[in-house]
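Colleague: pasting the structure only:
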């Protein structure tokens with residue numbers, strides 16, 4: 001068998017596997033071995049070596065299932081791109097392989113929102129990403145749009161993440177006793193990577209990984225949100241709120257959901273996006289803040 005034939009067969013196996021996983025199936029590797037007429041060991045190698053970067057809910061040794069809360073529904077184009085990459089991933093240097101893995105998962109995770117174009121900031125993005133991987137402090141100027149004021153920060157950068165189409169930097173402020181902070185990437189300027197290294201806080205890293213929240217300080221223990229019957233199926237299909245928990249299904253089809261350990265910045269944009277189908281039940285001051293934001297926006301539009 002030629003090398004290209006083996007690559008094609010591998011791509012076909014991975015495509016078929018992704019189709020089943022994309023449908024939410026719990027895949028049995030014993031059945032897959034019979035279906036594709038290959039050994040169980042070959043299939044385990046396909047998954048563990050080539051698809052390990054996907055968010056797995058169950059990862060063998062016999063049963064495999066994707067975590068639907070962390071990965072959106074894949075389109076046919078998504079599956080083709082994933083399968084092609086996985087089938088030739090051994091040809092990539094390790095750095096390029098990690099880069100393409102990250103880009104593939106990001107392209108699916110942010111799908112469903114119109115995300116901002118940061119192509120003009122690629123050099124700054126790559127520089128910040130490099131500082132994260134090398135555990136180097138960075139300094140930059142940050143402009144707060146709410147007050148139109150700017151300030152300089154020295155930050156230990158931990159993660160660049162995309163939330164609802166917007167890129168954010170999560171880090172700790174070395175000048176404020178390592179206070180945890182979140183910055184909108186496009187509001188950062190005059191970025192400089194410093195020569196000084198920082199020792200990563202493993203507890204903070206685990207906290208970031210285990211939470212959907214952008215802000216890891218000044219959090220609200222629980223935000224209760226009412227969802228209309230129209231929007232309910234979308235929130236039952238997958239968690240659209242950070243740290244979402246189902247409290248109650250009402251007889252009229254509406255839902256009561258809780259979003260736990262979150263910052264207002266995590267919740268308000270999502271509720272605003274789903275108006276009129278979402279409303280904040282508690283804390284009441286958060287619903288009031290949302291209404292004030294809308295009033296200010298309408299007044300601003302009327303004055304133009």
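Modeller: Right, received. Where do you want to start? All of these numbers come straight from a predicted model, not from anything done at the bench. Numbers count the residues shown, from 1 in each chain.
Colleague: end-to-end on stretch 240-255?
Modeller: Using Cα to Cα, to the nearest Å, the end-to-end distance of stretch 240-255 comes out at 13 Å.
Colleague: One more: stretch 55-67?
Modeller: Terminal-residue distance, stretch 55-67 (Cα to Cα): 6 Å.
Colleague: All the helices of the stretch 1-150 of the chain, residue numbers only.
Modeller: All helices of the stretch 1-150 of the chain, identified by DSSP state H, counting those that start in this stretch, fall at 3-22, 29-36, 40-50, 76-88, 94-109, 122-134.
Colleague: weakest of the ones you listed by average pLDDT?
Modeller: Note on the helices of the stretch 1-150 of the chain: helix 94-109 shows the lowest mean pLDDT, a mean of 44.
Colleague: give me the element residue 291 is part of.
Modeller: helix 284-302 (DSSP states H and E).
Colleague: Kindly provide the distance from the nearest residue to residue 150 once chain neighbours are set aside to residue 44.
Modeller: Leaving aside its sequence neighbours, residue 150 sits nearest to residue 143 (Cβ to Cβ, 6 or more residues apart in numbering; 4.5 Å). All C-beta atoms are positioned from the backbone trio N, CA, C, and that covers glycine. Here the criterion is Cβ to Cβ, to the nearest Å. By it, residue 143 lies 50 Å from residue 44.
Colleague: So between these two, which is more surrounded?
Modeller: residue 44 (17 against 14; other Cβ atoms under 10 Å).
Colleague: tell me which residues of the top strand by length along the chain are tucked away?
Modeller: Assignment by DSSP state E gives strand 149-163 as the longest strand of the chain. By neighbour count on 16 or more other Cβ atoms under 10 Å, the buried set for strand 149-163 is 153-163.
Colleague: And for stretch 55-62?
Modeller: In stretch 55-62, counting by 16+ other Cβ under 10 Å, buried: residue 56.
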